[in-house]
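1. Predicted structure and sequence below. I'll ask about it afterward.
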Amino acid sequence: MKHTKILLVLISICIFAACTSESETNVNQDTKNELKKIEEVQPTIDFKFLTKNTEKELNELLNSEGYNGLYDSKLIIGTFENDELIITSKKIQDILSLYFKLIAQEANYNADHSSFEFISAKENNGYPMLISRGVCKIKGESVSVGIGIKESQDREAHFDNGLSTITCTGCDVVCSPRRTESGDGWCTNCKSYGNCTKTETIGG
């Protein structure tokens, strides 16, 4: 009788182990299937390809408007009125959208940028800045990009190629580009969950 009980216990252990192994195999297979579905919906993005296309589109638009690059002295982003930046035209908005999109792609984020926020020099340690926020189409994260601008004697705004571009990503509320007194880029903290990550590119 004692041997029978031991035999029954051993059989039970073997059956349990077999079921557990089969269950783990099913879970592993389910996980692989889910990952495969995600890969099919969100394929690997070639950001070098995206960046090259956006850069080409931007240069073609600049050339068609008679500008020799972003830092052409004839390229006026807008005019300053009462510490506000008034963007001059729809074409300039298109140029800005492509430029912001290009900067985000260089930081491996694919987002459209169509609205702009001006941060005055007195609000940003002496450095006027134009900011645009978008949402990455692949990662679903908020992407805020800041570019340096400068003011001419005629109160006209131009791109400033002496300053870095700043990309802040990671949370929906705040996480916005700013500058220190020395001109270095930083990102404001998130107000909600998540961590804000900065990518800075020197030289415009």
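-> Okay, I see it. Numbers count the residues shown, from 1 in each chain.
2. alpha carbons only for contacts and neighbour counts from here, please
-> Will do.
3. now the strands: where do they sit in this protein?
-> Taking DSSP state E as the test, the strands found in the chain are 78-81, 84-87, 117-119, 129-135, 142-151, 156-159, 165-169, 177-179, 185-187, 197-201.
4. Could you say which of those is packed most deeply?
-> Mean neighbours per residue, mean count of other Cα atoms under 10 Å, is largest over these for strand 165-169, with a mean of 28.
5. That one pairs with which strands, parallel or anti?
-> strand 142-151 (antiparallel), strand 197-201 (antiparallel) (DSSP bridges).
6. between those, which one is nearest to residue 184?
-> Closest to residue 184 of these is strand 197-201 (Cα to Cα; 8.9 Å).
7. could you dump the strands paired with strand 165-169 to JSON lines with mean pLDDT and distance to residue 104?
-> As requested, these are exported to JSON lines (pLDDT from 0 to 100; distance: least, Cα to Cα, whole Å):
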{"stretch": "strand 142-151", "mean pLDDT": "94", "distance to residue 104": "7"}
{"stretch": "strand 197-201", "mean pLDDT": "92", "distance to residue 104": "9"}
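8. which residues of the protein score low on pLDDT?
-> Flagging of the chain using pLDDT under 70 yields the residue ranges 1-44, 203-204.
9. one more time with 50, if that's ok
-> For the chain, applying pLDDT under 50 flags the ranges 2-3, 7-10, 14, 16-27, 31-32, 34-43.
10. In this structure, mark out all the helices, start to finish.
-> 2-41, 47-64, 90-106 (DSSP state H).
11. residues touching the residue nearest to residue 122 when sequence neighbours are not counted, list them.
-> Spatial nearest neighbour of residue 122, chain neighbours left out: residue 128 (7.8 Å); criterion: Cα to Cα, 6 or more residues apart in numbering. By Cα atoms under 8 Å, 6 or more residues apart in numbering, the contact set of residue 128 is 118, 119, 120, 121, 122, 148, 149, 150.
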